[in-house]
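Asker: What would the 3D arrangement of this be:
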Amino acid sequence: MSTVLPILDMSRPSRKVMGDLGEAYAAYLLQLSGYIVTHIRQADLAATNPATGELLRVEVKTAQRRPDRKYVFQLWNPGTDYRHSDRVLLLAIQPSRYPVPFIIPTDKITFRSTIVITSHPLRYAGMWAEYRQNTGVITL
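Answerer: Here you go, the predicted model:
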């Protein structure tokens, strides 16, 4: 049985709307991948692996392609701080395509305020490329 993933096609929504949609999509992807997902205050999501019982706090960051074709993810601001999470899940929203997830262990980020994906997320070969995952099944 194949799973049909929704396409997020957003024409410049507010940051709040884009963040809420990204968080909902990330929870959906995690659930499809077998995790038990809840919303928590310290990070956006808590994902539990039912096979191991391991619980990971996940901060979700969503970005659309800017006019310069880059995806800029704001990692912290007064209302959110990725350092309280175990993983940061970046969702690069492509125009009329599936979001591309990058799942990065928090300790690999080391006090950055932003992460920039400098090209098409599926062809990106920079320092964060090793954390890119398939849209269908993701692993924390």
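
Asker: going forward, measure contacts and count neighbours with C-alpha atoms only.
Answerer: Fine.

Asker: Sort out which residues of the longest strand seen in the chain are buried, please.
Answerer: The longest strand of the chain (DSSP state E) is strand 55-64. Neighbour-count burial for strand 55-64 flags 56-64 (criterion: 16 or more other C-alpha atoms under 10 Å).

Asker: Would you mind putting those residues into JSON lines with distance to Pro50 alongside?
Answerer: Listed next are these as JSON lines, based on distance: C-alpha to C-alpha, whole Å:
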{"residue": "Leu56", "distance to Pro50": "12"}
{"residue": "Arg57", "distance to Pro50": "15"}
{"residue": "Val58", "distance to Pro50": "16"}
{"residue": "Glu59", "distance to Pro50": "20"}
{"residue": "Val60", "distance to Pro50": "21"}
{"residue": "Lys61", "distance to Pro50": "24"}
{"residue": "Thr62", "distance to Pro50": "26"}
{"residue": "Ala63", "distance to Pro50": "30"}
{"residue": "Gln64", "distance to Pro50": "32"}
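
Asker: re earlier: what's in contact with the following helix or strand past the longest strand of the chain?
Answerer: Beyond strand 55-64 on the C-terminal side, the first helix or strand identified by DSSP states H and E is strand 71-74. Contact with strand 71-74 is made by 61-66, 90, 92, 113-119, as judged by C-alpha atoms under 8 Å, 6 or more residues apart in numbering.

Asker: Now list the buried members of the residues you listed.
Answerer: 61-65, 90, 92, 117-118.

Asker: can you put those in a markdown table and add pLDDT?
Answerer: A markdown table is the format used below for these (pLDDT from 0 to 100):
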| residue | pLDDT |
| --- | --- |
| Lys61 | 94 |
| Thr62 | 94 |
| Ala63 | 94 |
| Gln64 | 92 |
| Arg65 | 92 |
| Leu90 | 97 |
| Ala92 | 96 |
| Ile117 | 98 |
| Thr118 | 97 |
